[in-house]
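Student: what's the 3D shape of this:
(3 chains)
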Amino acid sequence: MSWHRKHLLDIESLTAEEITTVLDTARAFKAVGERAIKKVPALRGKTVVNLFVEPSTRTRISFELAAQRLTADVINFSAEASSFKKGETLKDTARNLEALNADIIVIRHSATGAPHFLSRFLNASVINAGDGAHEHPTQALLDTFTIREKKGKIAGLNVTILGDILYSRVARSNIWALLKLGARVTLCGPATLVPRVFEQMGCRVTYNVEEAIAQADIINLLRIQHERQRQSMFPSLGEYSSLFGLNRARLALTKPDALIMHPGPINRGVEIDSEVADCERSLILEQVTNGLAVRMAVLFLINGGKGPQEVATN
Amino acid sequence: MSWHRKHLLDIESLTAEEITTVLDTARAFKAVGERAIKKVPALRGKTVVNLFVEPSTRTRISFELAAQRLTADVINFSAEASSFKKGETLKDTARNLEALNADIIVIRHSATGAPHFLSRFLNASVINAGDGAHEHPTQALLDTFTIREKKGKIAGLNVTILGDILYSRVARSNIWALLKLGARVTLCGPATLVPRVFEQMGCRVTYNVEEAIAQADIINLLRIQHERQRQSMFPSLGEYSSLFGLNRARLALTKPDALIMHPGPINRGVEIDSEVADCERSLILEQVTNGLAVRMAVLFLINGGKGPQEVATN
Amino acid sequence: MSWHRKHLLDIESLTAEEITTVLDTARAFKAVGERAIKKVPALRGKTVVNLFVEPSTRTRISFELAAQRLTADVINFSAEASSFKKGETLKDTARNLEALNADIIVIRHSATGAPHFLSRFLNASVINAGDGAHEHPTQALLDTFTIREKKGKIAGLNVTILGDILYSRVARSNIWALLKLGARVTLCGPATLVPRVFEQMGCRVTYNVEEAIAQADIINLLRIQHERQRQSMFPSLGEYSSLFGLNRARLALTKPDALIMHPGPINRGVEIDSEVADCERSLILEQVTNGLAVRMAVLFLINGGKGPQEVATN
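Tutor: This next block holds a predicted model:
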């Protein structure tokens, strides 16, 4: 059960054992985060580059803090960077960063497959921080970490993912991780955003929100991704909210121990009402905290760490 | 005379003793800044987030350097950050930063009271780096530090603040600090920008600049804040300069040991002439240097430091 | 052969011995970069400010990484910074950075002479990271470092610089460095971009690209600098490419051991074809790697290091 991969490109190609190694390593790093001094020297002298061609403050900061906690040097390279404006290709930019001795490149890009593309020619390690509507593997890892921590297991749980599935890399990565770890996954949302093709992955698809949430142990709400929808896929935000938003009335239909998740940033009053977002069954902020531990684990493993047994001694 | 506060939200609620504790601690940190190696490990493993919703390179860099000198990890979160663009509320942004284990959030915001608002629900410490036209407490602390260092005391001094008082958080914070420490405060500027209501705070208000500066030990010039004036409060910059600008002729009317201050950035030829800004009685650059020591002191105290006696051993 | 300068403003004023000291020191730092832990404590507690008034992600990151490797604290100050927007002068901005205890200011500016200007009034050290169309000394140092590493010497080599010489600070700095170290320099490009006046520096000027490259040991291609040309100096990019671009056919006319350089970012298909850029005779990515070592050397020497003999013990 030790880690051997150089890159983290997606969840689809990971085994259940590899996912579990990340989660166990993250658990060890979460304990580090509760110490008075939250830093370990595991990546001292290593350079991590956040290559965020599509902007994301939230995920960028989480990776930046994770790298700092591991004592790495961190460079932020943003979408507005001048070399892109000067017409440089992504390949040349990445090879330049590698020539600057970057050890790990964390890439977010609007194009599906951009991280895989880099991994084919770079000697540096590549971590996918979200590629188009394809995958967002560290989000799925932090979500499964949070579920496992709260429920003690993943296998056998009913997990409902509600919202814009079609354009969501968070949904795709979560589906892969949950199915590999033995959960039952139900997808629900407007028919335009939840095509039946997801049944071929092994999910249940339903368009009846009450039925989707009735037996769920976990309800994972997705943000309505305006920026990734080429045309309006549903009449209005108000209609989305009334048909699919998780409000107090719908929460009353769920099992009493069903937990609520959301990758953030939340749209209060759209996919989730404030009283649900802030209730004690909401895990939204714990997901953020766990994201830091999961990203420390991923950076640590990608850099050559073998698993959780090595964390304590670092 | 030890510090017990978790936040620094304003000067209004501080006691004279608390202000003095900050100034004494800053003096100890200023001595650290004169060593060959200017760093101390006091905040090692702590995370400071600069949450600058209103941009300010100058103050942000001062806090960033202060945190680095204390060996903290620093994250910069700017106004243009995508989660604000995605419609996230300030409350959710702040709670997310706290979930990322931020220990201290330094906030600048265009809305009065934003730091107080955060302090009501965060476990992290909050430092006000300027909120609207309300307060800018670290600026007042560095100004009083500078005055005390040069004049040996604050009590009994005549301090004149000249310029746009109405829209100035620097003025408000300075007035509170100076009055608490026993100075006499005179305010002067165009009547539209210096309403008589400030007399209720205990200040003297005059519209005669020659009279305002004649007996002053300290003349603190404020920048004309174009960006915070909803409409033109005086006919033109040229008219402001001729009526209230500190030039060589007016400098000749002051006491020979009167000292000149300005929070920067200065508008040469508007509120201050170049020969005054660059003369030996100008403290403008010393204020900047002292700002670093004062912000180190505030971060140190907010993080649990008790006072100057602890600095040497850190 | 030890270093005594406080600033690095240009190549023109350096002696051959001083250039050699930088190159030798860079060689020692390149060896540090090949260790498992690539950091040295030489600049611990020092503050380096990247004052990039003209944007440049590539050079800024190279300096940022170099400073991090030397354990300095680094602050990035960008063109969009608010104090410039608020009307502050460059002189006041620089003096403010110095008042914040900046030890070294790395400046890029669109105005020729901006670094020299700062050096006349600052106590902090100044490094020119590119000033207008004047000089870019660290680029020339990394280029000569790369040539010396590959060819074992500089003296007696034929170096051809091809492209937009007139507006290129890279060309100017390279010409000075190469001539001081004893190379023969040939300049070639459109007549509008390669005026005969360069012959007075000691270069050979030709407008025949085949003749320019025939005897070259090194061919240094410059990027077409759209942003620095006030009007079009040649009919079109396509025409430039067909007349002066280095493609496979022209490469076949060169000596078999001629090496290809480019300061980046490259315009594939304009000044260089992809198969030339990516061939084994291309040093483009090695230049980037060497830039890190050269900038570490410059920061180290400017900070008081004497030469390569001191690197190992740091």
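Student: Surely residue A:139 is within a helix?
Tutor: Yes - under DSSP: H, G, I helix; E, B strand; the rest coil, residue A:139 falls within a helix.
Student: OK, contacts around it?
Tutor: Residues in contact with residue A:139 (C-beta atoms under 8 Å, 6 or more residues apart in numbering or on different chains) are A:59, A:130, A:169-170, A:173-174, A:263, A:291. (C-beta placed from N, C-alpha, C; glycine too.)
Student: Likewise for residue A:179?
Tutor: Shown in contact with residue A:179 (C-beta under 8 Å, 6+ apart): A:185, A:201-203.
Student: do that again at 6 Å, thanks
Tutor: Residue A:179 makes contact with residue A:202, according to C-beta atoms under 6 Å, 6 or more residues apart in numbering or on different chains.
Student: Okay, now the unreliable bits of the stretch 201-314 of chain A?
Tutor: A:226-232, A:312-314 (pLDDT under 70).
Student: how about the strands in it?
Tutor: For the stretch 201-314 of chain A, applying DSSP state E, counting those that start in this stretch gives strands covering A:204-206, A:218-221, A:259-261.
Student: Highest mean neighbour count out of these?
Tutor: Mean neighbour count (mean count of other C-beta atoms under 10 Å in any protein chain shown) peaks for strand A:218-221 among those, with a mean of 26.
Student: what pLDDT does residue A:52 get?
Tutor: On pLDDT, residue A:52 comes in at 93.
Student: I'd like the distance from the residue nearest the centre of chain A to residue A:177, if you could.
Tutor: Most central in chain A under C-alpha atoms, centre = their mean is residue A:139, positioned 1.0 Å from the mean C-alpha point. Residue A:139 sits 10 Å away from residue A:177, taking C-beta to C-beta, to the nearest Å as the criterion.
Student: Just give the nearest non-adjacent residue to residue A:35, would you?
Tutor: Excluding its sequence neighbours, the residue lying closest to residue A:35 (C-beta to C-beta, 6 or more residues apart in numbering or on different chains) is residue B:45, at 7.8 Å.
Student: Spit out the contact partners of the closest residue to residue A:169 other than its chain neighbours.
Tutor: Nearest residue to residue A:169, sequence neighbours excluded (C-beta to C-beta, 6+ apart): residue A:136, at 4.2 Å. Residues near residue A:136 by C-beta under 6 Å, 6+ apart: A:130, A:169-170, A:173.
Student: okay if I get the residues you listed as CSV plus neighbour count and pLDDT?
Tutor: Formatted as CSV, the contacts of residue A:136 follow (neighbours: other C-beta atoms under 10 Å in any protein chain shown; pLDDT from 0 to 100):
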residue, neighbour count, pLDDT
A:130, 25, 97
A:169, 23, 96
A:170, 25, 97
A:173, 25, 98
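Student: Out of these, which is nearest to chain C?
Tutor: In terms of C-beta to the nearest C-beta, no member of those lies closer to chain C than residue A:130, at 20.9 Å.
Student: Give me the secondary structure label for that closest one.
Tutor: Residue A:130 ends up strand, using three-state DSSP.
Student: what separates it from residue B:87, distance-wise?
Tutor: Residue A:130 is 19 Å from residue B:87, where distance means C-beta to C-beta.
Student: do the same with residue A:9
Tutor: For residue A:9, the distance to residue B:87 - C-beta to C-beta - is 30 Å.
Student: okay, the two: which has more neighbours?
Tutor: residue A:9 (24 against 14; other C-beta atoms under 10 Å in any protein chain shown).
Student: And that one, how close does it get to residue A:142?
Tutor: 17 Å.
Student: In the stretch 201-314 of chain A, what residue lies closest to chain C?
Tutor: For the stretch 201-314 of chain A, C-beta to the nearest C-beta, closest residue to chain C: residue A:304, 10.6 Å.
Student: touching chain B at all, stretch A:216-224?
Tutor: No - applying C-beta under 6 Å from any C-beta of the partner chain, one finds stretch A:216-224 out of contact with chain B, separated by at least 7.8 Å.
Student: what does that stretch rub up against?
Tutor: Stretch A:216-224 is contacted by residues A:147, A:157-164, A:168, A:213, A:246, A:258-262, A:270-272 when judged by C-beta under 6 Å, 6+ apart.
Student: Equivalent analysis for stretch A:274-291, please.
Tutor: Residues contacting stretch A:274-291 (C-beta under 6 Å, 6+ apart): A:62, A:142, A:145-146, A:246, A:248, A:251, A:259-262, A:266, A:268, B:95-96, B:99-100.
Student: now it: how far from the chain's centre is it?
Tutor: 15 Å (C-alpha atoms, centre = their mean, to the nearest Å).
Student: swap in stretch A:146-165?
Tutor: Remark: stretch A:146-165 is offset 13 Å from the chain centroid, using C-alpha atoms, centre = their mean.
Student: Start and end of it, how far apart?
Tutor: Terminal residues of stretch A:146-165 are spaced 20 Å apart (C-alpha to C-alpha, to the nearest Å).
Student: So for that stretch, mean pLDDT?
Tutor: 97.
Student: Could you confirm whether that stretch reaches chain B?
Tutor: No - Stretch A:146-165 lies out of reach of chain B by C-beta under 6 Å from any C-beta, never closer than 11.6 Å.
Student: Kindly report the same for stretch A:90-108.
Tutor: No - if you take C-beta under 6 Å from any C-beta as the test, stretch A:90-108 misses chain B, and the best it gets is 10.7 Å.
Student: Touching that stretch from outside, list them.
Tutor: A:46-52, A:54, A:56, A:63, A:83, A:115, A:118, A:122, A:124-127, A:129-130, C:33, C:65, C:285, C:288-289, C:292.
Student: in that stretch, what's buried?
Tutor: Under the neighbour-count criterion of 16 or more other C-beta atoms under 10 Å in any protein chain shown, stretch A:90-108 has A:90, A:92-108 buried.
Student: Show me these that map onto strands.
Tutor: A:104-108 (DSSP state E).
Student: Which pair of these spans the longest distance?
Tutor: Using C-beta to C-beta, the pair of these lying farthest apart is A:104 and A:108, separated by 13.9 Å.
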